[in-house]
Each structure stands twice: as C-alpha cells, then as structure tokens.
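Student: predicted structure and sequence below. I'll ask about it afterward.
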Amino acid sequence: MDLRNINGPQSLGEFDVIVIGGGITGAGTARDCATRGLRVLLVERFDFTYGATGRNHGLMHSGARYAVTDRDNAAECMRENLILRRIARHCVEETDGLFLSLPEDDLAYQATFVDACRRAGIRADVIDPEEARRLEPSVNPLITGAVRVPDASIDPFRLTTANVVDARRHGAVIHTFHEVIGFLMSNGRVEGVTLRDNHTGAVKEARAGVTINAAGIWGTLILRKAGITLGMLPAKGALLIFGNRVNNMVINRCRLPANGDILVPDDTICVLGTTSERVPIDTIDDMRVSPAEIDLLLTEGQKLVPRLATARVLRAYAGVRPLVASDDDPTGRSISRGIVLIDHAERDGAEGLITITGGKMMTYRLMGEVATDLACKKLGRTAPCTTATTPLPGSEPEKQRKPKTGYDMGHRAAEGRHGNIFAARRDASPDDNALVCECEQVSVGEIRFAINKLNVNNLLNLRRRTRVGMGACQGKLCACRASTLLCRFKGEADRNLVELAEFMNERWKGMRPVAWGNTLSEAQITASIYADLCGLDTVAQRPDQDNDNSSHDKEEEKEA
Amino acid sequence: MRYDTIITGGGLSGLMAGIALAKQGQQVAILAKGISRLYYNSGSLELMGRDLDGNEVTRPLEAIAALPPSHPYSRVADVAARAAQAREILEEAGVKVRGNLRRNHYRVTPTGLLKPAWLTLDDYLRIDNREQLPWQRATVFNVKGFLDFPDHFVAAGMRRLGVDCDCKDITTPQIERRRATPGEMRSTALARTLESDAALVSLAAKINSHTDDDSQAILFPALLGLDDDKASRRLRRLLDGQLYLVPTLPASVGGTRIHTLLRKHFVSLGGTYMLGSAVTSGSIDPLSCRVLGIKARNLPDQVIRANHYLLASGSFMSGGLIATHDRVVEPIFGLDVDAPRGRDAWTREYLYDRQPYMEFGVATDERLHPLHDGKPVPNLWAAGSILAGNSPIALGNTTGLSMLTALEAAAGITSSQ
C-alpha cells in the first residue's frame, strides 16, 4: 500500500521562495534568490529550456533592433549585454552585428536608426559597405549601407544550465518534471503549490512564503489555477537552422523589425528568423512551422545573405514570446518587450504570489533581480543582489590557468560548452576521450559529466545539456551511442530503447517541414538505420493526440 | 570500348545484374558513385518482412504474391526462381548465408530486436524459433571503447527472450593502440585490426577467460571479416563457446563483405567495375526514345555508349532521386517520377508511419523499362530502390527487391539481344 495516499501528498518541504519555470527567467530568479541566502525550490514541469528559452535565435541583442521603437527596452538590453559578457563569457561569442541596408530600403532610415541607438547608449558605427563586405563576406554584395553594433551570439542552454548549477551550489532544491497543478491557498494567501511528478504521476506539495511565477507564456495558464486572469498574447516566432555556419557576425536588416531579417551564427550552425504571428493560447504546446513561413523566411533571408539559397536547412522550429497584453496589435510586434513584474497581492489580493514575465532572454538577469527584490521585501530580507557582478559557474576566474595542450578536441569543445566547471576533468582516460558525437565533438567524458552533474534522466535532457544530436547529422549515430551510454551509466535498457525511438521521432518533427534536398536524403538514411536496421519502429509508441503528458516532451526545439 | 550493357549504380542491384549478364558472356561495365546502401546492411537479406497491413510475414513468397499489381515485385514473373538464382550467385561469389525461401527466420538487430529475414550471413546470430533458443546463457562481449555497438540493448533483447545474458568489455593490445585516437574506434577500422592473427588469439584468450561454460553463447559485434569470413572462422576455432556475430551501427562490416565478394566475383567474370564514376547525365533521343549514351564525372568529354543500359542508382539517400523544394526528379535521364508536386504530401508527421516519400521512384512498364515523357525507353531498364511503388522499410524488403528486380531486368536485357 502506498503510504502517501494515507498521509496525503508527499511534502517537498518548506522554503522561502518557490520559483515556477525552468527556462532562463526561472533559472536566473532561482540563482538570485539562492545567492541572497533564501531557501529556494525551483520546479519545472518538463526539462530546463523546454519552452521559449530553447526556441529562440540565441541572439545577444545590443538593443539596436528596438532602438527606434522602444528606447527604454533597447537601453536595458545594452546594459544587460555588457553584464552578460562579464558574468557568462563561456556562453557568449563576441561576434558584433551588422545592420544592413539593401537597395530597396530607405537609406534615410539608417540615420534615424543610428541616432536612436546613440540615445539608448548603444554604440552604432556607420561603416562603408565595402568594409562590411570585408568584415562579413557572406552579406549581399549589393548593400548600400551598414552599421556595426555590439550584438553577439549566446547559448541559451548553457546560460540556463549555469544559472541552475549556481542556484544549486547555493542550496536551491531543483525538481524537473514537476508540474504545478494547483496552489495551496489560505484566506486568499498563496502558501505554496501542489505538484505532479510527470515521471511517476505522484502528487506532492511544497510550501513557501513567496511563490514566483516565471513560466513565460505558460504563466497565464498557471495563474488560472489561483483564479487569476492575466491577458497574454502568445506570439509565435518561426526560425530555420542551417547546417553550416554561413556568417560570423550577427546580420540584421536596417529597417523596422519585420520577418526573416536576423541571421545569427551559433556554434557550428546559423539560425534565421523570425516571423511573428498571434496564436491561440491553447496551441502553445504544439507549435508547427508551415511551408508558407519557411518560404517567407528563405525569401527574406536570401536578400541579406544570398548563400542561404544553397545552404542546407537542418530544421525548422517555433517559439512563443510571452508578451503581456496592452493593446490590440494583431502581430504582437509593436508591443513592448519590456519586463512585467506583477505583485498579485496588489493586483488580485493574492498575497505571496509574484509573476515575472514579458522581457527577453537578454534581460533574464534583471527580471530575476526585480522579482527577487520584491520577494525579499515581502519576506523582510535585505540581502543585496550580486548577480550582475558575480560570474556564473563556468565563467569564474581561474586561480591558475593550466596550459591548453595535451588534451583533445572533445574536451576543448566541452570546456567551450560548460566553461571551467568542466575543466577539472582534464586527466581524462581513453574511455572518456572517445567521441560520441563527431558533429559537435561530444566525448564520453562530457556525457558522464552531464549525467552526473546536470540533471540528466534521458536522451532529451542530454541533448539540451551537451548538444549531442544537434549537429549536422541530427543524431544519425550519436543518438544511439548516447543512449547506450545512458544504459551503461544508469541502467534501464528497456526504457532507454523506447526513448531512443521517440527521440528520433522528435528530431524528425523539426526536419519534416524542411524535408527536401539533402535533408530528405539524410532523413532516409536515419530511417534506414533506426527503423530498418535497428527495428525501433517495432518498439516506438505512437504519441497520443490527447493529454499524454510524457508526449509533451518530444517537441522540436532550437537547433540542430 | 563499347559495352553490351552499362549499369549505373554499384550497389546490390547493379552487382547482381552485372554478374548475371557477365555470366551470359556480356561485356558489362558498372559505374559506381560511392558507398551503397549495403553500408547500412544488417548482415541479412530479406524478401518480405511485413505485409501492407503491418503484420509480420512468416512465408515471404505468399506475402509477395498478395501484393497489388502496382508493386514492383509484381514485375518479377517467377519470384521463387529469381530468389533461387540470387542465392546461387551469392554462393558462387563466396557469400555464405543460411535461410529458407519458404519460411523467414529472425535476424537480431543492433538494438536487440528481432526482424524477419530470408538469408543471414552464416557467422551471424539468427533465430529460427523465438520460443526455443538453443542456449539459455549468453554473454555480450563488446570491444572496450567501441560505441557503435549497443551492447546493453542486445543483452536486454536476449533477456526478453528468456536468456540469461550480461555484458562484458574486453580489449587487446592491438585495439588499445587504436584507442589512443578518439574517432578511430569505428567498425571498419576495428575489422582491419582484427584481421591479424595475433589480435584474434589475444581476443580469444580474453573471451575464454570470461567463459566458464562451453554451452554458453558468445555474442560479439560484427567486426570480423570485411573481405570474407576468414577472421570469424579463425576466432570460432579459438573459442570455447559458440560464437555469433551481432550487427553494429554503420558502417556494416557484413554489408561490406557482401559487397566486396560480389564485386570480386563480377570482376572475375570479366566485368568492369568503375568506382568513383558518378554518372552525370544521359541523353534520350526524342524520336526513337532510346538512350544514346551517358556521361560520367571522371570522363567529362566522353560519351559512353552501350547496347543496353540499366539504372540502379537507388533512392534519395543514394542520389538516384533528388527532391527540390517542390518536386522530385530523376537527375540522370529526367525520367518520369511517381511523386506528387508540393512537399506537403511527401511526409507524415510520425516518423515510424509509412512515409510516402519512401515510395517515390521512376515509373516503369511491365518489363522494367522506365518511362520518359510517358513512353517506355526500350534500351533502358531500372531495378532496385529507384523503382516506384515500394515501401522498403515498412515492408522489410529492401535487399530482396533489389536483387530480384535486378535479375529480372538482366533476363530482359539478355532476351532482347
């Protein structure tokens, strides 16, 4: 007999703060709370970066894109941009960005743009088109103008992981696959949450003085469980991943923000986006990219970078921006991307509940800071915020820099991904040096590290932590290799086999909208290996159309 | 040099047809682009593994007879006779296989699952009766550091069949030298290492030291015998227990062995095998509708001519078909392709559903002549995975359809002389 059923839900304990959401905002908020000495519980219904954090451009905005339309937000981006270069250097590639004018664009806009950037505190240097072609040979040779800005490329997966690791170092308790199904309320006051363990189905509860809703667009659904209505406008953004890195600088179009006008280099690949389209709230768990969106992105992207016409499209995916309703704009594009902090005690009479939403990945740290400030005020605590000055794990200064020789490419790649939290493992054995994923240079040692240290239960978790299966081959061999290692280190071969079959289906979901040319050939090879040779078609469980929770974690996602 | 027949594509279809024609005394050239689908082979050849409803097939001949006339198997007049011919060619070439045309056995996949098969290389694990295995205990030995063999999945598969099975890692000094370089531990490189007698003796000593009971099965990744089965026969003699090979992830050592032996046999019959000679274009006379000649990448200025042409260039993955963003083309001759325009209809959302694109291919008449602008090309034949109307993965018939349609086309070529 299960004793929990007699004694009620299992208690996860009492905390100062419960943070809901394992995206970058939740992770950053949990880090801030934990480093200020609060007892923190972070809960996420599936895996870290499952939502919008895992489905964006990986663009570290300078703010230039919003300088003309939203100067405050632009200035905020720039300040955070400078902070992230210091505290998260292992997640950032300092590429700089270009804003290009094409012959069909009004060059007068360039002057407006540069002026707005300077007013927002963003360095914007007008450079000769010839100079732009030299700096970034992939650009359309017909450009009539170019402005250089401090955009950069940032890895949202690494950034989230680093925040989670630091939160845990400071005592935070972290539960992935725990979904909030209700609030513990007493006299209108929120005293904690009821959770369902999405692996076992067990119902649990946790109590805290303050609960912070940091669940992005899903936050509006969570608030309903407390009887609170918050109007949000889910705005879908579709993106395409190309199989090689066409550009080395972030490339933008110098015009008012529109479709398909940003190309961001990211590790070995590049990402083109986006579109913006209002979608109904009940579709946010099942975002699909239509052929029309793909054609639109390709058409617009090729104007900026003609080489995209011949580059292989690896995947298509879409994320949902958590915009808070403020007017009737149908696209969601003119709405401020500014931070929204809601004290539900003031707004709805629900003491103990805070929502932090809106904003951008760029401003996640600031979102964490303002949410934690409010939580501290409610809890009567006064510790100051240190997240703007303390480097994240992986970017901490090293006491003694060891020479970078004598260990292999896989370890350098791992150090690039995890920063110097991985560097302790330089004395690797031949077992650890073996390569699991050639595309992304993921070694057995990195897989072992991720399994032991980074909350990895299955292949999908492993992909988000290490990039295994995200490279040009989309998991053709490495998915099976990694799955075998999961069996070796964690057992449960039968479960891992079913999950391998489902993982390949998840990879297919992102390839399918762009399945022509080499992507179709590669898909056929992958099917030959996993279905024909290995026979996984006989163990795969067809995802249920209805509310099968386990099937939600198989969606397409940012790259590759 | 003028050939009787030029074959585009050096995979299983091209080689089967080439051998059959060379045996008839023809001058045959095979132009091969690169690796063939045998690179992904399981060490088994199949005729038909599942029917159109997805049911497992026990008697392949009956299942093939039940296929609709639109299926390319229906172009093979006498399936049993062609299958016997294919087996004869395999045996002549030195490909040692076991299996029964009337009744499928199971092959064991790299992930420990069972799939129906017709012929399996005789040093590979095959299961005739899943209810009753000839041994109750097995050990899956893997080469330490070899990641392309999912040993734990194989052991779990054996346990599901009621076998007491565990995994052990072993290594030898020869393999340890490979391990110094990450990325060297791939199947074909290891198979070359395990050609040396010293490596096999050392490997056998390691396996024997872990085997206390000679009734026990020894399962080992198929890393033995790229060119023939010499290495696996040698290891078998050195071991105390029964050795069975289990296929690995690609590259397939067994598939490479089949390919190598067939290629050598073809060449020994006087055939010309040109590897790296991708055919770039072929011209068809609009009036006679006959192929006039073809061009190859390594002979750009030369038109290569023959009396007969066979197209065995495979599906998308082999480059026999190419999908642009809205249509599917056959790139050499521009033949008629059975595939709808607009890619929405090419795929299904669930990976393991029957994917429409797998059935795309060139349309042919009853005698395997492909159509060009709706008319059959009389001196051109098509065989294998480029044929329209098959679902090779769903039906489990990739290799069987390749061999049998190739031999049917070869018979057509012979009789047209």
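Tutor: Ah, there it is. Residues are numbered from 1 along each chain as shown, chains lettered A, B, ... in the order given.

Student: give me the below-cutoff pLDDT ranges for the stretch 451-560 of chain A.
Tutor: Residue ranges of the stretch 451-560 of chain A with pLDDT under 70: A:544-560.

Student: helices of that one, start to end?
Tutor: Under the criterion DSSP state H, counting those that start in this stretch, helices of the stretch 451-560 of chain A are mapped to A:459-466, A:478-490, A:493-511, A:517-527.

Student: need these in JSON lines with distance to chain B, can you?
Tutor: For glycine as for every other residue, the C-beta is placed from the backbone atoms N, C-alpha and C. Formatted as JSON lines, the helices of the stretch 451-560 of chain A follow (distance: least, C-beta to the nearest C-beta, whole Å):
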{"stretch": "helix A:459-466", "distance to chain B": "13"}
{"stretch": "helix A:478-490", "distance to chain B": "4"}
{"stretch": "helix A:493-511", "distance to chain B": "4"}
{"stretch": "helix A:517-527", "distance to chain B": "4"}
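
Student: give me whichever of those helices is most buried.
Tutor: Most buried of those by mean neighbour count (mean count of other C-beta atoms under 10 Å in any protein chain shown) is helix A:459-466; its value is a mean of 26.

Student: can you report how many residues lie near the residue in the stretch 201-350 of chain A that chain B sits nearest to?
Tutor: In the stretch 201-350 of chain A, no residue comes nearer to chain B than residue A:291, which is 6.5 Å away by C-beta to the nearest C-beta. Per other C-beta atoms under 10 Å in any protein chain shown, the neighbour tally for residue A:291 reads 15.

Student: list phi and psi for the most centrally placed residue in chain B.
Tutor: Nearest residue to the geometric centre of chain B (C-alpha atoms, centre = their mean): residue B:38, 3.7 Å. Main-chain dihedrals, residue B:38, degrees, to the nearest 10: phi -60, psi -20.

Student: and the residue nearest to it when sequence neighbours are not counted, how many neighbours does it have?
Tutor: Leaving out its chain neighbours, the residue that sits closest to residue B:38 by C-beta to C-beta, 6 or more residues apart in numbering or on different chains is residue B:255, at 3.6 Å. When counting by other C-beta under 10 Å, one arrives at 29 neighbours for residue B:255.

Student: return the residues in contact with residue B:255.
Tutor: B:38, B:39, B:40, B:41, B:42, B:43 (C-beta atoms under 8 Å, 6 or more residues apart in numbering or on different chains).

Student: tell me which helix or strand it sits in.
Tutor: Element membership of residue B:255, judged by DSSP states H and E, is helix B:253-268.

Student: which parts of the very next helix or strand once past that helix are buried?
Tutor: Per DSSP H and E, helix B:253-268 leads on to strand B:272-275 as the next helix or strand towards the C-terminus. By neighbour count, and taking 16 or more other C-beta atoms under 10 Å in any protein chain shown as the criterion, the buried residues in strand B:272-275 are B:272, B:273, B:274.

Student: which strands and helices lie in contact with the helix or strand following strand B:272-275?
Tutor: Remark: after strand B:272-275, the chain's next helix or strand is strand B:279-284, criterion DSSP H and E. For strand B:279-284, the elements it packs on are strand B:291-296, judged by 3 or more C-beta pairs under 8 Å, 6 or more residues apart in numbering or on different chains; DSSP states H and E.

Student: other residues contacting the strand it packs on?
Tutor: Contacting residues not belonging to strand B:291-296 are listed as B:6, B:8, B:31, B:274, B:277-285, B:302-305, B:309, B:332-333, B:377, B:379-380 [C-beta under 8 Å, 6+ apart].

Student: how far is stretch B:408-417 from where the chain is centred?
Tutor: Distance, stretch centre to chain centre, for stretch B:408-417: 23 Å (C-alpha atoms, centre = their mean, to the nearest Å).

Student: residue A:532 against residue B:399, yeah?
Tutor: No. Using C-beta atoms under 8 Å, residue A:532 is not in contact with residue B:399, being 10.0 Å away.

Student: who's more crowded, those two?
Tutor: For residue A:532 versus residue B:399, neighbours defined as other C-beta under 10 Å are more numerous around residue B:399 (29 against 24).

Student: show the pLDDT at that one.
Tutor: Residue B:399 carries a pLDDT score of 98 in this model.

Student: ok, residue A:324 next?
Tutor: 82.

Student: show me what contacts it?
Tutor: Going by C-beta under 8 Å, 6+ apart, residue A:324 touches A:230, A:231, A:232, A:233, A:335, A:340, A:357, A:358.

Student: with just CA atoms, put stretch A:28-47 into CSV.
Tutor: Extracted C-alpha coordinates of stretch A:28-47, given in CSV (Å, rounded to 0.1, in the frame of the first residue of the first chain):
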residue,chain,number,x,y,z
GLY,A,28,18.0,33.3,-13.2
THR,A,29,15.5,34.1,-10.5
ALA,A,30,16.3,30.9,-8.6
ARG,A,31,20.0,31.9,-8.7
ASP,A,32,19.4,35.4,-7.5
CYS,A,33,17.2,34.2,-4.6
ALA,A,34,19.6,31.4,-3.6
THR,A,35,22.7,33.7,-3.7
ARG,A,36,20.8,36.1,-1.4
GLY,A,37,20.5,33.4,1.1
LEU,A,38,16.9,32.4,0.6
ARG,A,39,15.8,28.8,0.7
VAL,A,40,14.7,28.1,-2.8
LEU,A,41,12.7,25.4,-4.6
LEU,A,42,12.8,25.5,-8.4
VAL,A,43,10.1,23.4,-10.2
GLU,A,44,9.9,22.8,-13.9
ARG,A,45,7.1,20.6,-15.5
PHE,A,46,9.4,19.0,-18.1
ASP,A,47,13.1,19.9,-18.6
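
Student: pull out the buried positions in it.
Tutor: Under the neighbour-count criterion of 16+ other C-beta under 10 Å, stretch A:28-47 has A:28-36, A:38-47 buried.

Student: where does residue 204 sit: helix, strand or coil?
Tutor: Using chain A here. Using DSSP: H, G, I helix; E, B strand; the rest coil as the criterion, the local structure at residue A:204 reads strand.

Student: now it, which residues is it bridged with?
Tutor: Beta bridges link residue A:204 to residue A:10, residue A:195, judged by DSSP bridges.

Student: didn't it look like it was pressed against residue A:8?
Tutor: No. Taking contacts as C-beta under 8 Å, residue A:204 lies outside contact range of residue A:8: 10.0 Å.

Student: and the two? Which one has more around it.
Tutor: Higher neighbour count among residue A:204 and residue A:8: residue A:204, with 20 against 10, using other C-beta under 10 Å.

Student: so what pLDDT did the more buried one get?
Tutor: pLDDT for residue A:204: 96.

Student: for chain A, what's the nearest residue on the stretch 1-150 of chain B?
Tutor: At 3.8 Å from chain A, residue B:113 is the closest residue in the stretch 1-150 of chain B, using C-beta to the nearest C-beta.

Student: kindly report the residues of the stretch 151-300 of chain B close to chain A.
Tutor: B:151-153, B:155-156, B:160, B:176, B:179-180, B:182-183, B:185, B:247, B:249-250, B:252 (C-beta under 8 Å from any C-beta of the partner chain).

Student: residues contacting residue A:484?
Tutor: Residue A:484 is in contact with B:147, B:149, B:150, B:151, B:152, B:153, counting by C-beta under 8 Å, 6+ apart.

Student: filter the contacts of strand B:291-296 to the buried ones?
Tutor: Buried by 16+ other C-beta under 10 Å: B:6, B:8, B:31, B:274, B:277-279, B:282, B:284, B:304, B:309, B:332-333, B:377, B:379-380, out of those.

Student: wait, which of those residues is closest to chain A?
Tutor: Nearest to chain A, judged by C-beta to the nearest C-beta, of the buried ones among the contacts of strand B:291-296 is residue B:278 at 14.8 Å.

Student: list the residues that contact the closest one.
Tutor: Contacts for residue B:278 were tallied using C-beta under 8 Å, 6+ apart; they are B:31, B:33, B:34, B:296, B:297, B:298, B:319.
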